[in-house]
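Participant: Predicted model and sequence below, questions to follow.
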Amino acid sequence: RLYQIPFEMPDCEGEGGTRTLHLVGDFSAPAEFFVTLGVFSFLYTMAALVLYLRFHSLYGENKKLPTADFCVTVCFAFLWLVAAAAWGKGLSDVKAATRPGSLTEAMAVCHGTDVVCSAGTTPAMGLANISVV
């Protein structure tokens, strides 16, 4: 929800004041889908582990239970792939929206002929990249 993040920009009027701007974009849906699927996968894994360890005889005697377990596992694997792809696209959109170069290009004060705008440091996205991998 980048639109909730404010940042200060120097005012173009030359009075030394600043204007508060907001970033553009809402990329929360892919991240929420990714995390929600992860939580449901964890809960299903814990339930399946209890079933495997505590009720092993029930799992072995019932022929439909292993098939249902396999089908649910395949569905979770497919949804996990979809969620990881969605989160990867969402992360690339966040990177594009918060790239320092694009932020300085959007500032009217940086459009002057003798003005040099520097973005400063580049945001660290290493942990976000690891979450996609």
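Facilitator: That came through, no problem.
Participant: For the chain, which helix extends over the most residues?
Facilitator: The single longest helix within the chain, with elements called by DSSP state H, is helix 64-98.
Participant: going on from it, what's the next piece of helix or strand?
Facilitator: Beyond helix 64-98 in the direction of the C-terminus, DSSP states H and E gives the next helix or strand as helix 100-106.
Participant: Now that following helix: buried residues?
Facilitator: Of the residues in helix 100-106, those buried by neighbour count under the rule 16 or more other C-beta atoms under 10 Å are 103-104. For the C-beta atoms, the positions are set from N, CA and C on the backbone; glycine is no exception.
Participant: Give the next helix or strand downstream of that helix.
Facilitator: Counting by DSSP H and E, the element after helix 100-106 in chain order, helix or strand, is helix 126-132.
Participant: From the contact counts, what lies against that following helix?
Facilitator: Packing partners of helix 126-132 (3 or more C-beta pairs under 8 Å, 6 or more residues apart in numbering; DSSP states H and E): helix 64-98.
Participant: Check which residues of the helix it packs on are buried.
Facilitator: Buried residues in helix 64-98, counted by 16+ other C-beta under 10 Å: 76, 83-84, 86-88, 90-91, 94, 97-98.
Participant: Now tabulate the residues you listed in CSV and tack on pLDDT.
Facilitator: As requested, the buried residues of helix 64-98 are arranged in CSV below (pLDDT from 0 to 100):
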residue, pLDDT
Phe76, 94
Ala83, 92
Ala84, 90
Ala86, 91
Trp87, 89
Gly88, 89
Gly90, 87
Leu91, 86
Val94, 81
Ala97, 77
Thr98, 76
